[in-house]
Structure formats: structure tokens, C-alpha cells
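[1] quick one: sequence plus predicted model below, questions after.
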Amino acid sequence: MSMEQPITTNLSFKEMAVSYLQLASSGKARDAFQRYIGPDFCHHNPYFSGDADSLMLAMEENAALNPNKIFEVKLVIHEKDTVAVHSHVKQHPEDLGGAVVHIFRFKDNQIVELWDIGQPIPEESPNENGMF
């Protein structure tokens, strides 16, 4: 992917993180990367190479395989250059889905580092509080 100059924005880091995730999960990963990802971006997903292109292509493939994906933000936390987004992600409407936390580090108003941690939602759980 050629890293074009990201679109300038007056959005907060929280708004940029959520917008990035909404675009990427809805099949617009390339747009999300062009808008928000910085030139020195790296990520820590252990299933893909750590560069922007690999992650973007994986997101595009997942969106193509799961066109009815549901992405619902539950909580967003922002401190200094870091934003954490806790979400409920379902690959399709009948899926129980999983709880996912994306952690973003920003530099010069761009996302330069990303971690994602997920936990599947079990059919049954002794915890009456649920995952959200």
C-alpha cells in the first residue's frame, strides 16, 4: 500500500480510533488506513506480519468473508497518546462474537502503533455480569 498523506482531521484521538475501527470493520480498511495510519505504523497481531499492508489486506479479506459483521463500541478510554477501545465484534448476526480491545498509540495525529486482544464470548458462563 502506498501511504498517501492521511486526511487532516480535527477529530480527537478517541474519535479517530473509533472511526478507524468502524471503517475497517465495515469493509473500508483501505480508506481507514489512508485516513488514519502514519508512515511508521506497526502492529502486534501475532497472526500477521507487523506492517500496515499485511494488516490492511487481512482486514479486507475478513470483511469480504463476513459482509454482515457487527462492530459495537462499548467503551473508549484516552490517556495522553493512547486510546483503548473495548468492543463487541460479531462476524455475522447469529454469532455470539467476542470482546475485543484495540489499543492505539498516536503520534503527530496519526495511528503509529496498534495492539488487539480478543476473547470469545462463551455460550454459558457462571459470571452473571457478562462480558460487557
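    Nice, thanks for sending it over. Residues are numbered from 1 along each chain as shown.
[2] how near is the residue nearest in space to the middle of the chain to V100?
    Residue closest to the average C-alpha location in the chain (Cα atoms, centre = their mean): L21, at 4.0 Å. In this view, L21 and V100 are 9 Å apart by Cβ to Cβ, to the nearest Å. For glycine as for every other residue, the C-beta is placed from the backbone atoms N, C-alpha and C.
[3] tell me, what's touching these two both at once?
    S87 (Cβ atoms under 8 Å, 6 or more residues apart in numbering).
[4] which of the helices or strands spans F104?
    strand 98-107 (DSSP states H and E).
[5] what lines up beside that strand in the sheet?
    Strand pairing for strand 98-107, determined by DSSP bridges: strand 82-90 (antiparallel), strand 110-120 (antiparallel).
[6] what's the spacing between the shortest one and its chain's center?
    On the basis of Cα atoms, centre = their mean, to the nearest Å, strand 82-90 sits 7 Å off its chain's mean C-alpha point.
[7] can you list contacts of that strand?
    13-14, 16-18, 21, 25, 69-78, 96-106, 118, 121, 131-132.
[8] quick check: ChimeraX command selecting the buried ones in those.
    Of those, the buried ones go into a single ChimeraX selection, burial set by 16 or more other Cβ atoms under 10 Å:
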select :13,14,16,17,18,21,25,69,71,76,78,97,98,99,100,101,102,103,104,105,106,121,131
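[9] the closest residue to D51 other than its chain neighbours: neighbour count?
    Nearest in space to D51, with sequence neighbours left out and distances taken as Cβ to Cβ, 6 or more residues apart in numbering, is C42 at 7.1 Å. By other Cβ atoms under 10 Å, 13 other residues sit near C42.
[10] neighbouring strands for the one helix or strand C42 maps to, and are they parallel or not?
    C42 belongs to strand 37-43 when assigned by DSSP H and E. Applying DSSP bridges, strand 37-43 is found paired with strand 110-120 (parallel).
[11] give me the residues contacting the strand it pairs with.
    6, 16-17, 20, 36-45, 55, 89, 96-106, 131.
[12] try 6 Å this time
    With contact meaning Cβ atoms under 6 Å, 6 or more residues apart in numbering, strand 110-120 is reached by 6, 36-38, 40-45, 98-105.
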